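Chemist: from the sequence below, what's the structure:
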Amino acid sequence: MAMDGTSPFEVRNTFQLFSAPFTKRFQQQQQQQKIRRRLSTRQQQGNALFQQPSSLTLFGKSLARGTKQMHWKKIITSLLLSCVWVCFSTNVMVASAASSPSVAVEVVHNEGTMKSLVTMVRRWFTTRWSLRKLATSALAVTSVVGLVDMTRTRRRQAVDATSEWGRYADYPSARGRALATLLIQLLPSMARAKFAGLTSSSPTETTHKKDARPYMARAGNMFAEGLLRLGPLYIKMGQILSCRENVLPPEWITSLERLQDRVPARSGQDALDLAYEAFSGGSKEKFDAVFWDFDDVPLAAASLGQVHKARLRGDQYKNATVAIKLQRPRLRDIYDKDLILMSKIAAMVDKVGGAAGNVGGVEQSWTQIFSDAETILYREIDYRDEADNAIRFCNDFGLGIGGKPVKSNGTDGMGQSLPSAATWLRSPYVYDELTSEKVLVMEFVPSIKINNQEKLDQANVTVEGREFLAECLARAYLRQFCCNQFFSTDPHPGNLGVEVQNKGKPPRLVFYDFGQACGLSPDQAGGILDVIEGTIDMDAPNCVTAFSRMGVLKEGADLNKVEAKVRDNFETGRITLKRTKMKKRGYVFKEKSPPRNVTSSSVSNNNNNATEAGKDSEVMKFFTLPAEYAFVARAISQMDGVGKGLDPDFDFISACAPYLVEVKGVNKYLKEEATKVLLGYEKRIMDWEKNLFKRFGFDPSRYADTKKNKPTIENSTTGDHSDM
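Modeler: Residues are numbered from 1 along each chain as shown. The predicted model follows:
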């Protein structure tokens, strides 16, 4: 106890009372210094964590040491995964540290790198900056990998443009990137051509300025090269487009024409190895026992195979010179994968419906069309089917070996055998006994490519000779459609040639390649013939009857509207024919007034008529498109392009009009023409009666039959027509 009576406890309490605020502040400062020291230490540890070699770094070093033992695909995959992992983990840690450094270092210190990464993922995903960082990193990695892949692909394709066909089938995404790259590469050339000064926006006109043509040619070459690298189905698309001069600019047509028969092919020892493998399973002895003088440089090469010249051994064949068509490797595998993808696309288009489910307003099933196309495409890669098609073609036209005439299997509308076409048509004879799935052996028939104008000039093929060839092409397809009920669906210039015969004989049309062919039913074939004849005679009721027979009209279709629309098309000149040229060739028209000239004054009147007849969309909804007619349209489209290259005034219906008598038979043709004349007189008498009634003030419709349901001519080979 103190002298003044104050206890020690009271003194201590009084001291604590006065010093408490200073003591508390001192403790807070000490605590803050302690926290700062701890944070500084752990931040240094965190920095050291990023600086120390991680397991990924060690893996990279071991990967570099073991590169020689690993396949390049595994190396690229490992590097890609490593880059993605590094970017991901770095972004996670940096983002978390940026949002809360002390927590990030604490977690890393206590739980380790892997656990800390998992712990911080939740916080990382809530940070917008982190998401942008991840997207940027992913885009950068994808771009780098795509650039590396594109560079490697370009190097391989520089050696062999077909090197990636199998890879694109295995990895459709790689083809998608290649297709997108092609479209992007086309844009600068197209834009420069546009700004260089096209004088017309129409692709059919060639009035480009001189400085625009190089850019168009460059774009065309780029497009053709891109289709070539994408695969055989894309080459087929290019072949079809190369025949459509009214769709693409001429510079593009020139570039696409090389896809018809100048696709890169194997030569030298590679060609020999391909021949040994395809013909005899790799046995050189078996191949040499049948062939000799094999030319290892191909005569031509297309999307599916390449053709070589050789000779046959033995007295049986008399050392005949033949053309051997060898199939490219892996085609069936490529088709299997590509067609599965396309079938899914066709099904999606059918589900979408609307504008995607019709062509020109005509409703159709893309799935059904694709199914038939798939059947034809698979048959195309089996050369035994192509051999059967070629043999049938020769038999239908009466073509023998050496171009000699033989009896034709084709018959006209009266059931009589058609004459042999050997004087104006030829096709190689096929050695069926030597043909297999991957090898087609046929007669060697040299010719000039049908669109090679320079060589045709050198061979003295005159303008009249070229018009004759165009006429022969139309005549051949008229017989294929309407008599043989079997036709080649792929008449592009690479499959057609011109054989120049001895003096005094006209040039002869040569058909090659029957890998794609399609059959027709009797009603389909007869309906096509009726449409052709109705168009020539401008007979709208006969055309509508033919549509019904062909099966292209839906059930319940308004036939009156369809007939009115067809008649309106005839009268307004939307459907025109080369009538002067047809008369020179000997065709006699049915008595009917010709279509009036289309002028500015008549257009306004025609618009009123079109309103009465119905708009195109209103009429086209009554039509449906069976799959067979898609191939008919394709054949006519390609044939029209080839024909116009020979004769600018060519059109299929006008060219084949003089040969209707051959297809229908002389007796039947004369009988039907006589019937047409009688019906013409009957119509004239009815018109005279109507005018007479009008003069006396009577309504003719009350006393005269308007003959809306006029009977049609019965086709003796296919039965009755469908009812109107």
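
Chemist: burial count for the nearest residue to Thr321 once chain neighbours are set aside?
Modeler: Residue nearest to Thr321 in three dimensions, not counting chain neighbours: Phe444, with 4.4 Å by Cβ to Cβ, 6 or more residues apart in numbering. Where you see a C-beta, it was placed from the backbone N, CA and C, and this is true even at glycine. Number of residues near Phe444 (other Cβ atoms under 10 Å) recorded here: 16.

Chemist: look at Phe444 and report its pLDDT.
Modeler: On the pLDDT scale, Phe444 is placed at 96.

Chemist: go ahead and confirm it touches Asn319.
Modeler: No - contact criterion Cβ atoms under 8 Å: Phe444 and Asn319 do not qualify, at 11.9 Å.

Chemist: burial of Tyr276, as a residue count?
Modeler: Neighbour number of Tyr276 under other Cβ under 10 Å is 17.

Chemist: now do it against Ala265, distance only.
Modeler: 16 Å (Cβ to Cβ, to the nearest Å).

Chemist: what's the answer for Leu496, then?
Modeler: 20 Å.

Chemist: have a look at the two and say which one is more surrounded.
Modeler: Higher neighbour count among Leu496 and Ala265: Leu496, with 25 against 22, using other Cβ under 10 Å.

Chemist: identify the bridge partners of the more buried one.
Modeler: Going by DSSP bridges, Leu496 is paired in beta bridges with Phe511.

Chemist: could you pull up the residues touching it?
Modeler: 449-450, 473, 509-512, 642 (Cβ atoms under 8 Å, 6 or more residues apart in numbering).

Chemist: and stretch 565-578, what's its mean pLDDT?
Modeler: 76.

Chemist: what do you get for stretch 536-553?
Modeler: 89.

Chemist: ok, now stretch 687-704?
Modeler: Stretch 687-704 comes out at a mean pLDDT of 65.

Chemist: could you report the neighbour count for Arg258?
Modeler: The local packing of Arg258 (other Cβ under 10 Å) involves 16 other residues.

Chemist: name the SS class of the nearest residue to it once chain neighbours are set aside, please.
Modeler: Excluding the flanking residues, the one nearest Arg258 by Cβ to Cβ, 6+ apart is Ala224, at 6.4 Å. Each residue gets one of three states, and Ala224 gets helix by DSSP: H, G, I helix; E, B strand; the rest coil.

Chemist: so what's Ala224 up against?
Modeler: Per Cβ under 8 Å, 6+ apart, neighbours of Ala224: 238, 252, 255-256, 258-259.

Chemist: okay, and the common contacts of Phe444 and Asn319?
Modeler: Common neighbours of Phe444 and Asn319 (Cβ under 8 Å, 6+ apart) do not exist.

Chemist: just the pLDDT at Gln269, thanks.
Modeler: Here, the pLDDT recorded for Gln269 equals 89.

Chemist: brain fart, Gln327
Modeler: Model confidence at Gln327, given as pLDDT, is 91.

Chemist: who's in contact with it?
Modeler: Counted by Cβ under 8 Å, 6+ apart, Gln327 has contacts 278, 304-305, 381, 383, 437-439.

Chemist: now which of those would you call buried?
Modeler: Buried by 16 or more other Cβ atoms under 10 Å: 278, 304-305, 381, 383, 438-439, out of these.

Chemist: Leu326 sits in which helix or strand?
Modeler: Assigned by DSSP states H and E, Leu326 belongs to strand 321-327.

Chemist: list the buried ones in that strand?
Modeler: In strand 321-327, counting by 16+ other Cβ under 10 Å, buried: 322-327.

Chemist: partner strands of that strand, with direction?
Modeler: If you go by DSSP bridges, strand 321-327 pairs up with strand 305-312 (antiparallel), strand 439-443 (antiparallel).

Chemist: tell me which of these sits most buried.
Modeler: Highest mean neighbour count of the strands paired with strand 321-327: strand 439-443, a mean of 23 (counted as mean count of other Cβ atoms under 10 Å).

Chemist: next structured bit after that strand?
Modeler: Immediately after strand 439-443, counting by DSSP H and E, sits strand 448-449.

Chemist: what helices and strands are in contact with that next one?
Modeler: helix 453-458, strand 496-499 (3 or more Cβ pairs under 8 Å, 6 or more residues apart in numbering; DSSP states H and E).

Chemist: mind checking which of those is nearest Phe397?
Modeler: Closest to Phe397 of the helices and strands packed on strand 448-449, according to Cβ to Cβ: strand 496-499, at 14.5 Å.

Chemist: got the CA coordinates for the closest one in CSV?
Modeler: What follows is strand 496-499, C-alpha atoms only, in CSV (Å, rounded to 0.1, in the frame of the first residue of the first chain):
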residue,chain,number,x,y,z
LEU,A,496,-17.7,-34.8,-125.7
GLY,A,497,-15.4,-34.8,-128.7
VAL,A,498,-15.3,-34.2,-132.4
GLU,A,499,-14.0,-36.9,-134.8
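
Chemist: begin at 2 from here
Modeler: Okay, residue one is now 2; in that scheme the one you just asked about reads as strand 497-500.

Chemist: if we can go back for a sec, okay, the helices and strands packed on strand 449-450 in CSV with distance to Ala220 and mean pLDDT next?
Modeler: Shown next, in CSV, are the helices and strands packed on strand 449-450 (distance: least, Cβ to Cβ, whole Å; pLDDT from 0 to 100):
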stretch, distance to Ala220, mean pLDDT
helix 454-459, 24, 94
strand 497-500, 27, 96
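
Chemist: what sits up against stretch 508-515?
Modeler: Against stretch 508-515 from outside (Cβ under 8 Å, 6+ apart): 303, 387, 390-391, 394, 404, 424-429, 446, 448, 451, 460, 462, 466, 469-470, 473-474, 477, 489, 491-492, 495-502.

Chemist: can you give me the end-to-end distance of it?
Modeler: 22 Å (Cα to Cα, to the nearest Å).

Chemist: so which helix or strand takes in the closest residue to Thr182 other than its chain neighbours?
Modeler: The shortest distance from Thr182 to any non-neighbouring residue, by Cβ to Cβ, 6+ apart, is to Met151 (6.8 Å). Counting by DSSP H and E, the element that carries Met151 is helix 129-160.

Chemist: what is the mean pLDDT for that helix?
Modeler: Mean pLDDT, helix 129-160: 75.

Chemist: show me what whichever helix or strand comes after it is packed against.
Modeler: Note on helix 129-160: by DSSP H and E, the next helix or strand toward the C-terminus is helix 166-171. Contact partners of helix 166-171 among helices and strands, from 3+ Cβ pairs under 8 Å, 6+ apart: helix 173-198, helix 332-353.

Chemist: let's have those helices in CSV, adding mean neighbour count.
Modeler: Formatted as CSV, the helices and strands packed on helix 166-171 follow (neighbours: other Cβ atoms under 10 Å):
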stretch, mean neighbour count
helix 173-198, 14
helix 332-353, 15
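
Chemist: need those in CSV (columns: mean pLDDT and distance to Asp316).
Modeler: Formatted as CSV, the helices and strands packed on helix 166-171 follow (pLDDT from 0 to 100; distance: least, Cβ to Cβ, whole Å):
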stretch, mean pLDDT, distance to Asp316
helix 173-198, 81, 51
helix 332-353, 80, 35
